[in-house]
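mind looking at a prediction? Sequence and model below.
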Amino acid sequence: MNPKKAIYMISGGGSTCLEALKAQKPGGMLHGEVETVCIISSDPEAKGIKRVKDGGFPEKDIVVVENDELFEVNLHNYFNKYEHDF
């Protein structure tokens, strides 16, 4: 079975996202069930960005979407790019 692809959105420390990433590793409750494919933040200074990078999440799949008049369009574009399930 293919894992469900997830996109996480963080605005601060990213603690919920970090716990989900941990649960996706071998031995975790979500291993083989869920795969995080992208992490999005509207805050380039969010502490969670550094924390998920330090935790080994690929930097190329961490994006900052400016909270401006194109926010919804840009967000939609990333959702389409990563073909997520949820």
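Looks like it came in fine.

quick one, helices of the protein?
Using DSSP state H, the helices found in the chain span residues 15-24, 47-54, 71-82.

could I get those helices as CSV with mean neighbour count?
Heads up, the C-betas are built off the backbone N, CA and C, glycines and all. What follows is these, written out as CSV (neighbours: other CB atoms under 10 Å):
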stretch, mean neighbour count
helix 15-24, 16
helix 47-54, 17
helix 71-82, 13
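
of all those helices, which lies closest to His31?
His31 sits nearest to helix 15-24 of all the helices of the chain, at 5.9 Å, using CB to CB.

which helices and strands sit right next to that closest one?
With contacts taken as 3 or more CB pairs under 8 Å, 6 or more residues apart in numbering; DSSP states H and E, helix 15-24 sits against strand 4-10, strand 34-41, helix 47-54.

make CSV out of the ones you listed and add distance to His76.
Supplementary listing: the helices and strands packed on helix 15-24 in CSV, determined by distance: least, CB to CB, whole Å:
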stretch, distance to His76
strand 4-10, 12
strand 34-41, 11
helix 47-54, 21
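
among these, which is nearest Phe86?
Of all the helices and strands packed on helix 15-24, the one in closest proximity to Phe86, counting by CB to CB, is strand 4-10 (5.6 Å).
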